[in-house]
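Novice: When you get a sec, could you give me coordinates for this:
(chains A and B)
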Amino acid sequence: MKRGSHPGCRPALGCCQGPRRDQLQLLHSPRGSVVRWRGQSCDSQQDALLAGIGVLTQDTLWCFSQVKGTIEIGATEADIISTVEFNHTGELLATGDKGGRVVIFQREQESKNQVHRRGEYNVYSTFQSHEPEFDYLKSLEIEEKINKIRWLPQQNAAYFLLSTNDKTVKLWKVSERDKRPEGYNLKDEEGRLRDPATITTLRVPVLRPMDLMVEATPRRVFANAHTYHINSISVNSDYETYMSADDLRINLWNFEITNQSFNIVDIKPANMEELTEVITAAEFHPHHCNSFVYSSSKGTIRLCDMRASALCDRHSKFFEEPEDPSNRSFFSEIISSISDVKFSHSGRYIMTRDYLTVKVWDLNMENRPIETYQVHDYLRSKLCSLYENDCIFDKFECVWNGSDSVIMTGSYNNFFRMFDRNTKRDVTLEASRENSKPRAILKPRKVCVGGKRRKDEISVDSLDFSKKILHTAWHPSENIIAVAATNNLYIFQDKVN
Amino acid sequence: MMLSKGLKRKREEEQEKETLAADAWWLDPSLPAAAQAPPAAASSSLFDLSVLKLHHSLRQGEPDLRHLVLVVNTLRRIQASMAPEPTLPPVPSPPAAPCVADSLLASSDAALSASMASLLEDLSHIEGLSQAPQPLVDEGPPGRPTGGSPPSLGALDLLGPATGCLLDDELEGLFEDIDTSMYDSELWAPASEGLKPGPEDGPGKEEALELDEAELDYLLDVLVGTQALERPPGPGR
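Specialist: Modelled structure (predicted):
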């Protein structure tokens, strides 16, 4: 059908770029024009409506896929998820929680029988990574909460990941065992030692198949190198080193050496009373193994080159946006504090998250970001209350999609936001049990800031600030996202037509 | 953590009115900051809140440094906005908002600024950094030159990878980082510990040295007791 050739054709709405005209029905309402699939039954009208809009606007439609975690409201604090990370292929998804546990999910192989259902993630391995420790000298407990997990690229059959709490980084090896040796000479079937006098013949033990067992073993423990709380770890692109960053220092480690590390950044002042700024996040450049960035509580980012000197206290680039005088308040510094910094996959950009915005910076432009996205600007007038209940100190993370075209970050009320850098469109979605029917399309959410609240909108005062989405992850190449909502992990996928 | 919605909303409204008052002053470009006194009630409640947060943060075994630094910086901003600069010309017009809390503020200002200075000192006690230089084994990893290791290594740094044992000299320093600031009156006499006075301490530190138990009681009353009279205590943590 030729574009614009039929009555009611709306090229601006994308009509004639998708389905046939006779499949659709154009309706006008006070809220605007909507398009429906003609002849849909009532049950699926909502989905159909959304699907129709999706087709016309070519937005990604996100569907619920799975949810992991306990359903009951009184879940313990130990179950609160504190970090989420896909591995480099997206085959594995790891979560860490406040109880020091790591749970790894593996994507099942897609079967020919269920082509419409993309592989689901099922538990692959669970292990206790960190235990609570007691520092006797300082009389304090070191929390076992897993602050970060980072995967190493796979080099053999086993998987390796780094997990860290406030003080100690550990390298874990996760491997499969599906065979076991049988027919020992000196041990019997139960493993008890045999009396050598009873052994009259020798046999060669053989490997026999067994039920698949996934075991996790700690291969390295990198301890005693951080006085302050570790907030970031980052694997270098040389795959031989990694860095760990705490509030005041960044250390460089070699994976093989656990009893020493190199201190590459130290911002501790000689007199602690002069302390005004801390390190909040750090990451290696994805391709240049000499480059890394770290962010601060004052909203600045520094790019450092390890070739310049052994101690990278002097940055090669300094990124800071001048303060907007019209938005100044007592809380300006707190809300400018960067909670997360991430390189784009291309290595050309960095993304930073502060309390109210996500910013994209070009590495070649230091004086301001190239893009700024408002996550929840309606909170700007509530900063005093958020300061009082400490929510203003919440640290939200941010992630890129595989092609660096969309960025995602969390908010309150179990909302999370996505920003398409190309179309400049954004969407607010919710991770909740109510939206958790299999393959149900997620409905965009809207916060009403004032005036008349429409149906389906939620007013700012009704937002639940205890339901915060701090941790999210995006599959490296597909439209699959993992969203941690307190003690539940939601997995969403885009709709497969 | 969150109270019921009704209570939360009420509190927010209260705070919002105060915030609006404080923010309005801060944001109004037509009024030179120097000539306009802030609505004292708003700033002082924010100040008290921040001091409470600071106390709470320091009371933790191992304070969240980021939280601490942000609160301290915010407190400094608030304090700077509340206290008129000595170099300013005399204000021609009286302050716009009636300053109910001004008398309280004026009389307790010295004590409050002393408390802030002492709180920051608590931080340095905890870090054990303001001690005189000690002959310590360099704790830095090989990447750092020994000469560059600052003399201000404190108790926390003793457990570095290169030092396998504790030096006798530092036993005193070790126990100093256990925060007993809420209960110790030695808090007010740091000079006996051989500390280097910091550049910013100035009058605040001298006052801290002279404070005795009576002053401490008065200070605690100001921070805790008086506030209880004016409004309900903040969310308990």
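
Novice: buried ones in stretch A:428-437?
Specialist: Within stretch A:428-437, the residues scored as buried using 16 or more other CB atoms under 10 Å in any protein chain shown are A:Thr428, A:Leu429, A:Glu430, A:Ala431, A:Ser432, A:Asn435. From N, CA and C alone the C-beta is placed, and that goes for glycine too.

Novice: Same question for stretch B:60-75.
Specialist: Neighbour-count burial for stretch B:60-75 flags B:62-75 (criterion: 16+ other CB under 10 Å).

Novice: quick one: low-confidence parts of chain B?
Specialist: Chain B contains residues with pLDDT under 70 at B:1-42, B:84-237.

Novice: Now pLDDT, distance to chain B and secondary structure too, for the buried residues of stretch A:428-437, in a markdown table please.
Specialist: Formatted as a markdown table, these follow (pLDDT from 0 to 100; distance: CB to the nearest CB, whole Å; DSSP: H, G, I helix; E, B strand; the rest coil):
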| residue | pLDDT | distance to chain B | secondary structure |
| --- | --- | --- | --- |
| A:Thr428 | 96 | 21 | strand |
| A:Leu429 | 96 | 23 | strand |
| A:Glu430 | 95 | 18 | strand |
| A:Ala431 | 95 | 19 | coil |
| A:Ser432 | 91 | 17 | coil |
| A:Asn435 | 76 | 22 | helix |
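
Novice: what would those look like in JSON lines with distance to A:Ser175?
Specialist: Output for those, formatted as JSON lines (distance: CB to CB, whole Å):
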{"residue": "A:Thr428", "distance to A:Ser175": "41"}
{"residue": "A:Leu429", "distance to A:Ser175": "36"}
{"residue": "A:Glu430", "distance to A:Ser175": "38"}
{"residue": "A:Ala431", "distance to A:Ser175": "32"}
{"residue": "A:Ser432", "distance to A:Ser175": "36"}
{"residue": "A:Asn435", "distance to A:Ser175": "37"}
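
Novice: In terms of distance to A:Thr95, which of those residues ranks first?
Specialist: Nearest to A:Thr95 among these: A:Ala431, at 14.0 Å, using CB to CB.

Novice: is it true that that closest one touches A:Ile491?
Specialist: No: A:Ala431 is not in contact with A:Ile491 according to CB atoms under 8 Å; the separation is 9.8 Å.

Novice: what is in contact with the two at once?
Specialist: Residues touching both A:Ala431 and A:Ile491 (CB atoms under 8 Å, 6 or more residues apart in numbering or on different chains): A:Val483.

Novice: what residues are up against the residue nearest to A:Glu189 when sequence neighbours are not counted?
Specialist: Leaving out its chain neighbours, the residue that sits closest to A:Glu189 by CB to CB, 6 or more residues apart in numbering or on different chains is A:Glu182, at 7.9 Å. Applying CB under 8 Å, 6+ apart, we find A:Glu182 in contact with A:Glu189, A:Pro205, A:Val206, A:Leu207, A:Arg208.

Novice: what are the phi and psi values for A:Glu182?
Specialist: Backbone geometry at A:Glu182, expressed as degrees, to the nearest 10, gives phi -130, psi 150.

Novice: Also A:Met272?
Specialist: phi -60, psi -20.

Novice: and it, how many neighbours does it have?
Specialist: 22 (other CB atoms under 10 Å in any protein chain shown).

Novice: got the end-to-end distance for stretch A:201-208?
Specialist: 21 Å (CA to CA, to the nearest Å).

Novice: Point out the other helices and strands that the helix or strand containing A:Val447 packs with.
Specialist: Using DSSP states H and E, A:Val447 sits in strand A:446-448. Judged by 3 or more CB pairs under 8 Å, 6 or more residues apart in numbering or on different chains; DSSP states H and E, strand A:446-448 is in contact with strand A:457-459.

Novice: Is there contact, residue-wise, from the strand it packs on to chain B?
Specialist: No: residues of strand A:457-459 are not located near chain B by CB under 8 Å from any CB of the partner chain, the shortest gap being 10.6 Å.

Novice: distance between the helix or strand just after that strand and the chain's centre?
Specialist: As assigned by DSSP H and E, the chain's next helix or strand after strand A:457-459 is strand A:471-474. Here strand A:471-474 is found 2 Å from its chain centre; the criterion is CA atoms, centre = their mean, to the nearest Å.

Novice: Pull up the pairing partners for strand A:471-474, direction included.
Specialist: strand A:480-485 (antiparallel) (DSSP bridges).

Novice: how big is the angle separating the next helix or strand after the strand it pairs with from strand A:480-485?
Specialist: For strand A:480-485, the following helix or strand on the C-terminal side (DSSP H and E) is strand A:488-494. Relative orientation of strand A:488-494 and strand A:480-485, computed by axes from the mean of the first three to the mean of the last three CA atoms, to 10 degrees: 150 degrees.

Novice: Against A:Ser477, how distant is whichever residue of the stretch 51-200 of chain A sits closest to chain B?
Specialist: The stretch 51-200 of chain A approaches chain B most closely through A:Leu140 (3.5 Å), counting by CB to the nearest CB. A:Leu140 sits 43 Å away from A:Ser477, going by CB to CB, to the nearest Å.

Novice: Other residues contacting the helix or strand containing A:Val427?
Specialist: Per DSSP H and E, A:Val427 falls inside strand A:426-430. By CB under 8 Å, 6+ apart, the residues outside strand A:426-430 that reach it are A:59, A:62, A:373, A:411, A:413-420, A:442-447, A:492.
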